[in-house]
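**Q** Predicted structure and sequence below. I'll ask about it afterward.
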Amino acid sequence: MRLEPLIKKGIRKSQKTICVSQNVLDLSAEHFDMDSSSFTTIHHGVDSVFSPRELQTSKNYAAKKFGITGPYILVV
């Protein structure tokens, strides 16, 4: 895959990589030969609490809950 070197570089430089399941986390850590602590899991969910928020509210939540304070890339 031509994108793999770029993806690997991005993952290695990131503070955390968010995965949709523990299985994806385990496979990613193994595939990129990285410690699993570089990854975190956030499961999909459907509930009334998942609704649009103000941008600053979302930024504050991400900083507090996951330690994300700077730019990030979300790959789904």
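**A** Here it is on my side, so go on.

**Q** can you pull out the strands in the protein?
**A** Assigned by DSSP state E, the chain shows strands spanning 17-19, 39-41.

**Q** These: which one's closest to residue 57?
**A** Between residue 57 and the strands of the chain, the tightest spacing by Cβ to Cβ is seen for strand 17-19, at 18.9 Å. All C-beta spots, glycine's among them, are computed from the backbone N, C-alpha and C.

**Q** With adjacent residues omitted, what lies nearest to residue 62?
**A** Of all residues not flanking residue 62 in the chain, residue 68 sits nearest, at 4.3 Å (Cβ to Cβ, 6 or more residues apart in numbering).

**Q** tell me the contacts of the one you found?
**A** 15-16, 62 (Cβ atoms under 8 Å, 6 or more residues apart in numbering).

**Q** try 10 Å this time
**A** 15-16, 18, 40, 59, 61-62 (Cβ atoms under 10 Å, 6 or more residues apart in numbering).
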